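Participant: test case, fold it:
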Amino acid sequence: MSLKYTMEVMELVDDSSANGQMIVELFEGNEFVEASYQTVKGEKGSTDFVKIVIKGTNGKLVGGDAPTLGIVGRLGGLGARPSRIGLVSDGDGAIAAVATALKLSTMATKGDRLPGDVCVTTHICPNAPTEPHEPVDFMGSPVDILTMNQYEVTPEMDAVLSIDTTKGNKVFNHRGFAISPTVKSGYILKFNDDLVRIMEMTTGDLPVTFAVTTQDITPYGNDVYHINSILQPAVATDAPVVGVAIVAKTAVPGCGTGASHEVDIAEAVRFCVEVAKEYTQKQFEFYDVKEFNHLESLYGSMKHLQTLGNK
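Facilitator: The predicted model follows:
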């Protein structure tokens, strides 16, 4: 039923007055959810950062030891008003994250609670700026990437799925979503077999993955090319991060309207829900812990890639 929640959230945020309060109100009265928002002002306007925690039966919020999954809806903005009218392609990440939270919260009320907490974060901005980018324009944001990471990547997250529209490129020739290899502490690790398996199961199709470059896992602001901000959460945490890219066959500008596909977003939502179920039950890790420790013993720390370097 992920499509139902996706369409509900899309209709809600396709609004020139969309704000964090509207999202928080979706979860009012649900005893298993803590939802809040905070308005933050930047040089180019303001946005509402939203945090939704679906409490597990044995999660950290109740003193348990089940792992916490972080789901970050990454975007510049839901809209580019006044230069564009309506919901923009860039908003897919926020929609997917909130729809995932809505599905998990509804499951909890029906008795299907997960063992661990799921922490969902994103921001709600209906009038973000745009900025030049090749091959198509990107959406900008009223706040910088460091501010986004401050509010969207939280210490309790033991692993992170970062959902982002990734259509403004010539990399993909597929509609739906694709996943990245795991990124942790400056290392690009191998694709996770369990995440690939869950993708195959939830889509009923062959898995689709995408390559990650060293540039992509470094912070914005260092004057190197990034495919987009999908892996920027990885610069703000030592938890393993996997990108969930909502993609298209052609290059679609982030500020393009009429370019959000409900079914594609719903596929990503269904994937995230199933990952949450298995991960919070300790059925798999996002990376091979033993191999990662061996890599660090051989080659040392790569955490300098999480910084701006010598700039």
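
Participant: residues contacting Met107?
Facilitator: Contacts here follow C-beta atoms under 8 Å, 6 or more residues apart in numbering; on that basis Met107 touches Arg113, Leu114, Val273. Using the backbone N, CA and C atoms, a C-beta is placed for each residue, glycine as well.

Participant: need the contact list for the closest residue to the first one other than its chain neighbours.
Facilitator: When the adjacent residues along the chain are set aside, Arg113 lies closest to Thr57, with 5.1 Å between them (C-beta to C-beta, 6 or more residues apart in numbering). Shown in contact with Thr57 (C-beta under 8 Å, 6+ apart): Gly64, Ala66, Arg113, Leu114, Pro115.

Participant: next one: Gly221
Facilitator: Asp144, Ile145, Leu308.

Participant: mind listing which of these are in helices?
Facilitator: Judged by DSSP state H, helices contain the following of the contacts of Gly221: Ile145.

Participant: can you add distance to Leu231 and give the contacts of Gly221 back as CSV?
Facilitator: Output for these, formatted as CSV (distance: C-beta to C-beta, whole Å):
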residue, distance to Leu231
Asp144, 16
Ile145, 11
Leu308, 16
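
Participant: most neighbours out of the contacts of Gly221, which is it?
Facilitator: Within those, most neighbours by other C-beta atoms under 10 Å means Ile145, with 19 neighbours.

Participant: so what pLDDT did that residue get?
Facilitator: Per-residue pLDDT puts Ile145 at 91.

Participant: and if you look at Asn310?
Facilitator: Per-residue pLDDT puts Asn310 at 88.

Participant: and it, what helix or strand is that in?
Facilitator: Taking DSSP states H and E as the definition, one finds Asn310 inside no helix or strand.

Participant: any idea how far it lies from Val13?
Facilitator: 41 Å (C-beta to C-beta, to the nearest Å).

Participant: okay, these two: which has more neighbours?
Facilitator: Between Asn310 and Val13, counted using other C-beta under 10 Å, Val13 has the larger neighbour count: 20 against 6.

Participant: pLDDT at the closest residue in space to the more buried one that isn't next to it in sequence, what is it?
Facilitator: Leaving out its chain neighbours, the residue that sits closest to Val13 by C-beta to C-beta, 6+ apart is Leu78, at 5.3 Å. pLDDT, Leu78: 96.

Participant: could you number the chain from 15 rather than 1 from now on?
Facilitator: Let's use 15 as the start, then, which means that last one is Leu92.
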